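S.K.: this is a predicted model, with the sequence first.
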Amino acid sequence: MSLKTLTIATRESPLALWQAEHVKSKILEFFPEMDVQLLGMTTKGDQMLSSPLSKIGGKGLFIKELEVALLDGRADIAVHSMKDVPMAKELPEDLIVPVVMKREDPRDALVSNHNYTIKTLPQNAVVGSCSLRRRVQLMALRPDLQLKDLRGNVNTRLAKLDAGEFDAIILATAGLKRLGFDHRISEEISQDISLPAVGQGAIGIECNRHNEAVRKIISLLNDDDTAVCVAAERAFNSTLNGGCQAPIAGYAELTEKGLWIRGLVGNIDTNEIIYAEMVGDPLDAQNLGHRLAEELLSKGADEFLRSIYGEKK
């Protein structure tokens, strides 16, 4: 391999650094002589913690600085949580996410110091989450709960729970497990209660589409099954023009019958949810995601989205 050094751009939160170190270790398994370095960066999403993502520009705020480092040559690859990666059409023209690694547990997790579950939370309990997707699904089941904004990295959110600001908080199970906080989970929430975010639990690797040497190296880290599922989910989200401003959930998994994808769009004002699912050919993953989105739109999701974006989807 002619490439002797490789630089990974990463956010500096504990979870982001864990993911970058994970990618580094996998690369070194294949290329033990390679010099792999991390380039830690602070993004606008990390700096602007006082407002919900839905009000300040969405999850793309977590990757823009990393993409600049890719484009100006300071980094060869950037490592992201796939749920933070905007739709492909929003990526810079020269950049691509060709690798999706094997997925960790995609479920949401309830964290409580009193070992509560969704069903056993006290009446009017205060639950922390900034995710509109989580909020609309939780309120549909427990409209008595008080949902309050919660931003910051995993450690910061746990600290706020421990300080008594919340009765419980909701985080991604994958992040808790990766950081060794499995013991903090009081309930791994069923996907029937809280359908995951598109790409949740999966790590993506972004690079310059023209850098063949880098693409060849990182291709060894791709997990075909996860990539197929995430491709379907992202096509679903793209068709809906989904972002942090809309309560959208989408999750696909491979089954004996084919690629099973479930999706929903919620109305944060009324806590109404429109849901659909279908099974199709894994080789037709993107089209399957597109068709699922079209079904939701035909069932009334277009009205929910129009109320958010101010135009017909």
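M.R.: Received the coordinates, thanks. Values in this document were obtained by computation on a predicted structure and should not be read as measured data.
S.K.: now residue 128: closest residue in space that isn't a chain neighbour?
M.R.: Leaving out its chain neighbours, the residue that sits closest to residue 128 by Cβ to Cβ, 6 or more residues apart in numbering is residue 150, at 3.4 Å. From N, CA and C alone the C-beta is placed, and that goes for glycine too.
S.K.: how much space between the one you found and residue 176?
M.R.: 14 Å (Cβ to Cβ, to the nearest Å).
S.K.: same question for residue 76.
M.R.: On the measure of Cβ to Cβ, residue 76 and residue 176 end up 29 Å apart.
S.K.: over to residue 230?
M.R.: 20 Å.
S.K.: looking at those two, which is more packed in?
M.R.: residue 230 (28 against 22; other Cβ atoms under 10 Å).
S.K.: what strand or helix carries the more buried one?
M.R.: Assigned by DSSP states H and E, residue 230 belongs to helix 224-239.
S.K.: buried stuff in that helix?
M.R.: For helix 224-239, a neighbour-count test (16 or more other Cβ atoms under 10 Å) marks 226-239 as buried.
S.K.: dump those residues to CSV, plus distance to residue 94 and pLDDT.
M.R.: Formatted as CSV, those follow (distance: Cβ to Cβ, whole Å; pLDDT from 0 to 100):
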residue, distance to residue 94, pLDDT
226, 25, 98
227, 21, 98
228, 25, 98
229, 26, 98
230, 22, 98
231, 21, 97
232, 25, 98
233, 24, 98
234, 19, 97
235, 22, 97
236, 26, 97
237, 23, 95
238, 20, 94
239, 25, 95
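S.K.: just the residues you listed now: which is nearest residue 102?
M.R.: Ranked by distance to residue 102 (Cβ to Cβ), the buried residues of helix 224-239 are led by residue 226 at 5.5 Å.
S.K.: for the closest one, give me its contacts.
M.R.: Residue 226 sits next to 100-103, 202 when contact means Cβ atoms under 8 Å, 6 or more residues apart in numbering.
S.K.: which residues does the closest residue to residue 229 other than its chain neighbours contact?
M.R.: Nearest in space to residue 229, with sequence neighbours left out and distances taken as Cβ to Cβ, 6+ apart, is residue 252 at 4.1 Å. Residues near residue 252 by Cβ under 8 Å, 6+ apart: 228-230, 232-233, 259-262, 285, 288-289.
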